[in-house]
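J.: sequence below, structure please.
(one chain, ligands or ions: 2)
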Amino acid sequence: MTDLKKLILDRVRDIPDYPRPGVVFKDISPLLADPVAFSAVVEELAGLCGGCDKVVGIEARGFILAAPVAYRERAGFVPVRKKGKLPAETLEAAYDLEYGSAVIEVHRDAFAAGDRVFIVDDVLATGGTVQATVELVRRAGASVVGAAVLMELSFLNGRERLEGVDLRSLVVV
Ligand SMILES: O=P(O)(O)OC[C@H]1O[C@H](OP(=O)(O)OP(=O)(O)O)[C@H](O)[C@@H]1O
Ligand SMILES: Nc1ncnc2[nH]cnc12
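T.: Ligands and ions are numbered 1, 2, ... in the order given. Model (predicted):
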């Protein structure tokens with residue numbers, strides 16, 4: 001196991017039965033609170049971007065990782081938010097995730113035509129959230145050059161929903 005994988009696995013804790021019975025929640029708070037681990041993760045994610053115009057972060061935990069990646073890459077940051085939080089005209093997509101369903105939005109004018117977009121989130125579970133984000137980016141006229149997550153829960157097969165997307169995971173469990 002690489003040092004980075006160990007750094008991550010040692011600092012993501014399992015919370016059983018949250019937010020509903022049967023779900024084991026991956027809590028990244030200890031990792032974020034560790035300056036060495038947090039900075040190593042941001043550096044690694046930024047290295048996967050490979051040149052992009054915009055980094056998309058998905059509310060809320062995705063923001064924490066995507067914004068420093070955008071800063072590091074000198075790219076713009078675009079938030080994808082839960083419905084009702086963005087003030088200007090939006091595009092929206094409904095999706096299911098491991099423990100529920102939601103609607104996310106992006107500003108209709110968030111991207112210039114042909115922008116190269118890199119999507120960052122913390123956890124890939126069923127893949128519904130990233131899939132809906134990919135759809136929004138494309139509908140907004142930009143192209144997805146890749147997506148990266150800190151942790152992929154492979155037993156939920158989220159990757160299968162993301163055919164054609166270059167998805168990287170720092171850790172697969
Ligand atoms: O692969 P999926 O099954 O779609 O699940 C993954 C998503 O679930 C979590 O977000 P959540 O909606 O709980 O929002 P939060 O970051 O605000 O806690 C997580 O941060 C991912 O965005
Ligand atoms: N098990 C899980 N832990 C943390 N975030 C999640 N998002 C979806 N499933 C999750």
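J.: nearest residue to the residue nearest the centre of the chain other than its sequence neighbours?
T.: The centre of the chain sits closest to residue 121, judged by C-alpha atoms, centre = their mean, with a distance of 1.5 Å. Nearest non-adjacent residue to residue 121, counting by C-beta to C-beta, 6 or more residues apart in numbering: residue 62, 4.0 Å away. No exception for glycine: its C-beta is placed from N, CA and C like everyone else's.
J.: ranges for the strands of this structure?
T.: Ranges of strands within the chain are 13-16, 24-27, 54-58, 76-82, 90-97, 100-107, 116-124, 143-152, 167-172, based on DSSP state E.
J.: which among those is found nearest to residue 3?
T.: Checking these against residue 3 by C-beta to C-beta gives strand 167-172 as the closest, at 11.8 Å.
J.: which parts of this protein sit against ligand 2?
T.: Residues of the chain lying close to ligand 2 (C-beta under 6 Å from any ligand atom) are 23-26, 97-98, 123, 125.
J.: surely the residue nearest to residue 121 meets residue 123?
T.: No. Using C-beta atoms under 8 Å, residue 62 is not in contact with residue 123, being 9.1 Å away.
J.: enumerate the residues of this protein near ligand 1.
T.: By the rule C-beta under 6 Å from any ligand atom, the part of the chain lying against ligand 1 is 58-62, 97-98, 102, 121-129, 158.
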